[in-house]
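**Student:** pasted the sequence and its predicted model underneath.
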Amino acid sequence: MKTTRYFAEVSKRPDRATIQWEWIERVVRDPVREVVQEDGRIRRWAPIAEAGDRYLRVILLDDGETVHNAFFDRSMRP
């Protein structure tokens with residue numbers, strides 16, 4: 001999977017450094033929810049059991065494979 005330069009920088013933040021690449025791949029492959037934004041970017045969510053079932057949101061570019069952002073979404077509920 002490819003990433004944006006933005007993702008490379010933001011993933012160094014302490015609150016994002018604990019997010020494992022394996023989890024991002026899992027969300028991309030098997031989301032429980034997906035929303036396409038007006039700009040074509042794709043938002044996908046999935047719970048991460050290893051992180052206390054918190055929902056990880058992954059933002060992809062419109063190509064569906066380039067990761068632009070990933071973070072735990074506090075507002076997402078099952």
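**Tutor:** Everything's here; your move. Nothing here was measured: the structure is a model prediction, and the numbers come from that model.
**Student:** where do the helices sit along this protein?
**Tutor:** 5-10, 21-29 (DSSP state H).
**Student:** deepest of the ones you listed, which one?
**Tutor:** Stretch with highest mean neighbour count among the helices of the chain: helix 21-29 (a mean of 16; mean count of other C-beta atoms under 10 Å). In this view, the C-beta of every residue, glycine as well, is placed from N, C-alpha and C.
**Student:** OK, contacts around the nearest residue to Pro78 once chain neighbours are set aside?
**Tutor:** Leaving aside its sequence neighbours, Pro78 sits nearest to Pro47 (C-beta to C-beta, 6 or more residues apart in numbering; 7.3 Å). Taking C-beta atoms under 8 Å, 6 or more residues apart in numbering, we find Pro47 in contact with 32, 53-56, 78.
**Student:** recalculate using a threshold of 10 Å.
**Tutor:** 26-27, 32, 53-56, 76, 78 (C-beta atoms under 10 Å, 6 or more residues apart in numbering).
**Student:** and the gap between it and Arg5?
**Tutor:** 29 Å (C-beta to C-beta, to the nearest Å).
**Student:** burial count for the nearest residue to Glu25 once chain neighbours are set aside?
**Tutor:** What sits nearest to Glu25 in space, not counting adjacent residues and going by C-beta to C-beta, 6+ apart, is Met1, at 6.7 Å. For Met1, the count of nearby residues is 11 (other C-beta atoms under 10 Å).
**Student:** partner residues bridging Arg57?
**Tutor:** Judged by DSSP bridges, the bridge partners of Arg57 are Trp45, Phe71.
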